[in-house]
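**Q** Got a sequence here, can you model it:
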Amino acid sequence: MFSSRYPMSAVRRRSRRRWAFGPSRSDFQWPDAITVQPAELLLRLQRQRTWKKNKRKKNYNKRSRTEASVSGFVRRGADMKRGTLYGVGIGPGDPELLTLKAVRRIREAQVIALPGKEAKETVAYRIAVQAVPELENKHLLAVAMPMTKDRTELEENHKKAAKAVEQELDQGKDVAFLTLGDPTVYSTYLYVHKRVQEDGYEAKIVSGVTSFCAAAAELEIGLVENSQQLHVIPASYQIEDALKLPGTKVLMKAGRKMEQVKELLEQMDAEVLMVENCGMEGQRICRGAEEIPESAGYYSLIVVKEK
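**A** As a prediction, this is how the structure comes out:
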């Protein structure tokens, strides 16, 4: 039986020390201690000090490794920052109108988001890949954006698009969301931009050449001069009152209602010009309301100038 003077762990430690170094100074009773030679006692004490020193060093190194492991884990977690979303305007259709900044963002981004069901079938992809050939080897993220005016369906699609982008951002990847023209003008990207920012992610906009500026260049006209006003109007909605505004009117998204729009324009005393598929294959220019076809493509833009 062990003495109750020492706990079990203490007894075991004392036993191990005796096995390694022989009896310690505290193990000697007074009658036996005087028979020990000073040199032998000094050697035993020196062994004990060395053993204690090594034990303290071992415990310190173990503690240091544990702290380093924990701090390394925390540091890796801090370094794993979220990616950034970039809304990149790629211009109206001519790949040569991509800005240098747009090209750089496309090249640097790990993920390229494109509005559509099939990424490589989107108009944005077909334009951008001509200016940035390495886009073919990028990770492409198709984001479905159906053309509808149903607010409930739009909200649901925008929410899904934002979540798909956020999944990539959570992995520390930068995402470049390509959009025609400029992201700030009637762009579906803006809905994703706002949602992602509201969820606490970083989102930035890379400006692009607007379709109406490119169309004016193709028409070789100025949009506004001196004190003239410029009005950008979505032609797919009611435009009767908007056409009465002074200055130059730009009618966008007129394709589906071209017949009604043409009828209104023919009643006006104004200079009417249309550019269809500006900068793309199949570009067509119409001068005068009478030349505008009753059915035109989605990428049709009309400029109405005062005479």
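
**Q** All the helices of the stretch 51-200 of the chain, residue numbers only.
**A** Using DSSP state H, counting those that start in this stretch, the helices assigned to the stretch 51-200 of the chain run over residues 100-108, 123-131, 151-170, 189-198.

**Q** Switch the ones you listed over to JSON lines; also include mean pLDDT and distance to Arg49.
**A** C-beta coordinates here come from the backbone N, C-alpha and C atoms, glycine included. Output for the helices of the stretch 51-200 of the chain, formatted as JSON lines (pLDDT from 0 to 100; distance: least, C-beta to C-beta, whole Å):
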{"stretch": "helix 100-108", "mean pLDDT": "98", "distance to Arg49": "61"}
{"stretch": "helix 123-131", "mean pLDDT": "97", "distance to Arg49": "74"}
{"stretch": "helix 151-170", "mean pLDDT": "92", "distance to Arg49": "55"}
{"stretch": "helix 189-198", "mean pLDDT": "95", "distance to Arg49": "64"}
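
**Q** Tell me which of the ones you listed lies nearest to Leu219.
**A** helix 123-131 (20.6 Å; C-beta to C-beta).

**Q** what's the closest one packed up against?
**A** Packing partners of helix 123-131 (3 or more C-beta pairs under 8 Å, 6 or more residues apart in numbering; DSSP states H and E): strand 111-115, strand 175-179.

**Q** I'd like to check the angle between that helix and strand 111-115, please.
**A** Orientation check (axes from the mean of the first three to the mean of the last three C-alpha atoms, to 10 degrees): helix 123-131 against strand 111-115 gives 140 degrees.

**Q** ok, Ala296 - contacts?
**A** For Ala296, the contact set (C-beta atoms under 8 Å, 6 or more residues apart in numbering) comprises Ala254, Gly255, Met258, Met274, Glu276.

**Q** actually Val129, not the one I wrote
**A** Taking C-beta under 8 Å, 6+ apart as the test, what Val129 contacts is Leu135, Glu136.

**Q** Kindly report the same for the one 3 residues further on.
**A** By C-beta under 8 Å, 6+ apart, the residues touching Val132 are Leu98, Val103, Ile106, Arg107.

**Q** Now, of those residues, which are buried?
**A** Leu98, Val103, Ile106 (16 or more other C-beta atoms under 10 Å).

**Q** With distance to Lys262 added, can I get the residues you listed in JSON lines?
**A** Formatted as JSON lines, the buried ones among the contacts of Val132 follow (distance: C-beta to C-beta, whole Å):
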{"residue": "Leu98", "distance to Lys262": "32"}
{"residue": "Val103", "distance to Lys262": "38"}
{"residue": "Ile106", "distance to Lys262": "38"}
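
**Q** Of these, just say which sits nearest to Ser211.
**A** Among the buried ones among the contacts of Val132, and counting by C-beta to C-beta, the member closest to Ser211 is Leu98, at 14.0 Å.
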